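Colleague: sequence plus predicted model, see below.
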Amino acid sequence: MSRHSPIHQPPFTMSSLQRLSLLLLTISPLHTSILVRAFATTNNNTPKHPADTAVVVVEPLYEGITRIRGRVAYDGNGFKGFQLQPKRRTIQGDLEAVLSQRFQRLVRVVGASRTDAGVHARAQAVHFDLRTEDSINLEEEEDLQKLQFSMNSMLKQDVRVYNLEKAPESVREIKGKPMLVPWNAIHESTGKLYIYRLCAAKHMDPLERHTRHSLKWKDPIDVDVLTRTLKHMEGYHDFRAFAGGIEQLEKHLKGKTMNTKRTVYSIEVVDEGEDMYRIEVRLKGALYKMVRNMVGSALEVAWGKLSEEEFLALLHRTEAAGRKQNRSKPAPPEGLTLESVYYDDY
């Protein structure tokens with residue numbers, strides 16, 4: 001259902017009100033207030049009493065808070081990934097540092113994708129919250145442009161923010177009911193485009209060494225086999241054998257099994273000429289190191305080091321195959337770029 005399409009609003013029963021009251025009692029009024037926004041129409045659009053039908057805000061909406069969204073581009077070589085890590089340089093860390101310095105308080109940033117160390121991005125998406133007292137008129141586009149300029153002036157040259165704007169509220173279906181919630185860079189995403197760039201020539205332009213992986217020329221690659229292998233991964237599959245760190249994560253989940261099934265919309269191998277190739281991967285979402293493992297495994301098949309039957313056994317999880325059964329190494333991070341995160345309205 002489109003976010004902009006009419007919403008069927010179910011009755012707001014007494015049991016629902018009681019549950020909402022209990023929820024409100026569990027949240028400290030010093031930190032947050034949950035707003036219940038009721039909208040009601042009959043079939044002929046005649047307003048009714050708010051208690052009859054409602055869209056309920058279930059995420060905390062802070063009074064005096066405005067959510068901002070933006071795009072981020074970065075050269076990943078100088079970073080240990082997107083996600084904040086102690087004593088290591090990360091994209092999230094750099095963004096939070098400049099925002100916190102600008103507003104003299106801690107400002108948290110949420111990214112749509114937690115790219116690995118060394119992986120680049122051209123159109124990563126983020127959001128963060130600003131307060132009324134932050135001395136910025138969020139109703140004026142010029143003030144947001146000034147904030148964007150200020151952030152880029154404070155950031156190092158290997159990361160840039162752009163397209164800063166007020167984030168709209170969103171309608172999301174939760175437990176079968178439409179809910180009015182703040183826009184979220186993760187939850188509102190409809191898909192992502194990753195591109196892995198390869199050089200199969202005997203030498204590569206050194207200016208591309210940070211954004212393209214150079215293959216060993218002594219191991220000629222069969223591009224037809226590479227393409228066919230990658231095409232097998234289109235669709236809905238269990239990518240456990242192509243994900244990193246699953247076993248460690250499941251230890252923290254106290255025995256619970258992670259959902260490692262993902263949807264890959266399409267994979268295309270594009271010949272850029274002069275033995276240069278790019279692999280375009282469009283998907284809903286990816287597991288840790290999933291795209292790099294997909295490319296690395298397909299390269300092993302194209303080199304003849306892994307049979308196609310062995311590869312398909314990993315993909316179809318024959319005998320419950322996992323990452324330990326996949327002896328292929330992930331493709332190096334410098335060749336991978338998060339080209340875009342897709343949204344219906346951004």
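Modeller: The structure has been received and is ready for your questions. Numbering: from 1, shown residues only.
Colleague: what stretches of the stretch 201-346 of the chain score poorly on pLDDT?
Modeller: Within the stretch 201-346 of the chain, the ranges that satisfy pLDDT under 70 run 217-218, 250-251, 255.
Colleague: what are the ranges of the helices in it?
Modeller: Secondary structure of the stretch 201-346 of the chain (DSSP state H, counting those that start in this stretch): helices located at 223-231, 246-252, 290-302, 308-315.
Colleague: buried residues in the third one?
Modeller: For helix 290-302, the neighbour count (16 or more other CB atoms under 10 Å) marks 290-302 as buried. C-beta here means a position set from N, CA and C on the backbone, and glycine is covered the same way.
Colleague: how about the last one?
Modeller: When neighbours are counted by 16+ other CB under 10 Å, the buried residues of helix 308-315 are found to be 310-311, 313-315.
Colleague: the shortest one now?
Modeller: Across helix 246-252, burial judged by 16+ other CB under 10 Å covers residue 246.
Colleague: can you give me how far it is from the chain middle?
Modeller: Helix 246-252 sits 21 Å away from the centroid of its parent chain (CA atoms, centre = their mean, to the nearest Å).
Colleague: can you list contacts of that helix?
Modeller: 240, 256-258, 260, 287-288, 322-324 (CB atoms under 8 Å, 6 or more residues apart in numbering).
Colleague: TSV for the helices of the stretch 201-346 of the chain, including distance to residue 85?
Modeller: Shown next, in TSV, are these (distance: least, CB to CB, whole Å):
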stretch	distance to residue 85
helix 223-231	31
helix 246-252	15
helix 290-302	19
helix 308-315	30
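Colleague: nearest to residue 71, of the ones you listed?
Modeller: When the helices of the stretch 201-346 of the chain are compared by CB to CB, helix 290-302 sits nearest residue 71, at 19.9 Å.
Colleague: sorry, back to before: now for the buried residues of helix 290-302: which two are most distant?
Modeller: Most distant of the buried residues of helix 290-302, by CB to CB, are 290 and 302, 18.6 Å apart.
Colleague: in the stretch 1-150 of the chain, which spans are helices?
Modeller: Applying DSSP H, counting those that start in this stretch to the stretch 1-150 of the chain gives helices spanning 14-25, 91-103, 141-154.
Colleague: I'd like to know which of those helices has the weakest mean confidence.
Modeller: Confidence, taken as mean pLDDT, is least for helix 14-25 of the helices of the stretch 1-150 of the chain (a mean of 38).
Colleague: once you drop chain neighbours, what's closest to residue 170?
Modeller: Once flanking residues are discounted, residue 170 sits nearest to residue 183: 5.1 Å by CB to CB, 6 or more residues apart in numbering.
Colleague: and for that neighbour, the neighbour number?
Modeller: For residue 183, the neighbour count with other CB atoms under 10 Å is 20.
Colleague: which strand or helix spans the residue lying closest to residue 145 once chain neighbours are set aside?
Modeller: Using CB to CB, 6+ apart and skipping residues adjacent in sequence, the residue nearest residue 145 is residue 164, 7.5 Å away. According to DSSP states H and E, residue 164 maps onto strand 159-166.
Colleague: helices or strands up against the next helix or strand after that strand?
Modeller: Next helix or strand after strand 159-166 toward the C-terminus (DSSP H and E): strand 169-174. Applying 3 or more CB pairs under 8 Å, 6 or more residues apart in numbering; DSSP states H and E, one finds that strand 169-174 contacts strand 177-182.
Colleague: now the strand it packs on: average pLDDT?
Modeller: Mean predicted confidence for strand 177-182 is 86.
Colleague: show me where this structure has strands.
Modeller: Assigned by DSSP state E, the strands in the chain fall at 36-37, 55-56, 65-74, 109-111, 120-131, 159-166, 169-174, 177-182, 191-199, 213-214, 235-238, 261-273, 276-283, 336-342.
Colleague: is it possible to get TSV of the ones you listed that adds distance to residue 95 and mean neighbour count?
Modeller: Output for the strands of the chain, formatted as TSV (distance: least, CB to CB, whole Å; neighbours: other CB atoms under 10 Å):
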stretch	distance to residue 95	mean neighbour count
strand 36-37	30	14
strand 55-56	31	21
strand 65-74	7	21
strand 109-111	5	21
strand 120-131	7	21
strand 159-166	7	17
strand 169-174	22	14
strand 177-182	18	19
strand 191-199	19	22
strand 213-214	27	21
strand 235-238	33	14
strand 261-273	27	15
strand 276-283	25	20
strand 336-342	15	22
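Colleague: redo those as JSON lines? Include distance to residue 137.
Modeller: JSON lines is the format used below for the strands of the chain (distance: least, CB to CB, whole Å):
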{"stretch": "strand 36-37", "distance to residue 137": "24"}
{"stretch": "strand 55-56", "distance to residue 137": "28"}
{"stretch": "strand 65-74", "distance to residue 137": "10"}
{"stretch": "strand 109-111", "distance to residue 137": "21"}
{"stretch": "strand 120-131", "distance to residue 137": "11"}
{"stretch": "strand 159-166", "distance to residue 137": "11"}
{"stretch": "strand 169-174", "distance to residue 137": "20"}
{"stretch": "strand 177-182", "distance to residue 137": "20"}
{"stretch": "strand 191-199", "distance to residue 137": "33"}
{"stretch": "strand 213-214", "distance to residue 137": "46"}
{"stretch": "strand 235-238", "distance to residue 137": "46"}
{"stretch": "strand 261-273", "distance to residue 137": "40"}
{"stretch": "strand 276-283", "distance to residue 137": "38"}
{"stretch": "strand 336-342", "distance to residue 137": "28"}
